[in-house]
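S.K.: okay, here's the prediction I keep looking at, along with the sequence it came from:
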Amino acid sequence: MLILHDGNPLTHIKRPWVNHALIVTMGVVFGLQLLGVVRWQQFAFLPAQLWHLGPGPGPFDGITGLFTHQFLHGGLLHIIANVIALRVFGDNIEDALGHWRYAASSWQAARSRPSRKALPSRQRR
């Protein structure tokens, strides 16, 4: 069984604007990826960039990947799963936290992912 909606009413906000913006942004970026307008290599985060800050692909030597990686998806099933998760749970979380705190927590969670990915891959001497 695939759950597409939870049925919980919003009590503190009228519309989950931040959640809708995240879903639309992911969809637009994925569409641009499929059309070849956005090359994922230029906007992905490579863990070695966190430690070496050397030249990397994309703008600003790849450091933009810290901010853009959250909107990239590896395939159709990947984006479908993320959209379903945001659709089912995101509106309830935004209702509980409010627009600004939900946006801040989403942004902070996306910023912490690169460092978690990079820690195990750091070369030890």
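M.R.: Cool, the structure landed. Residues are numbered from 1 along each chain as shown.

S.K.: any chance you could map the helices in the chain?
M.R.: 17-35, 40-43, 47-52, 65-68, 76-85, 91-97, 99-121 (DSSP state H).

S.K.: now do the last one, average pLDDT.
M.R.: Here helix 99-121 scores 78 as its mean pLDDT.

S.K.: make TSV out of the helices of the chain and add distance to residue 4 and mean neighbour count.
M.R.: (Glycine included, C-beta is placed from N, CA and C.) Output for those, formatted as TSV (distance: least, CB to CB, whole Å; neighbours: other CB atoms under 10 Å):
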stretch	distance to residue 4	mean neighbour count
helix 17-35	13	16
helix 40-43	27	16
helix 47-52	34	16
helix 65-68	28	19
helix 76-85	7	14
helix 91-97	12	19
helix 99-121	21	14
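
S.K.: where does this structure dip in pLDDT?
M.R.: 1, 47-64, 114-125 (pLDDT under 70).

S.K.: recalculate using a threshold of 80.
M.R.: Applying pLDDT under 80 to the chain flags the ranges 1-7, 38-70, 110-125.
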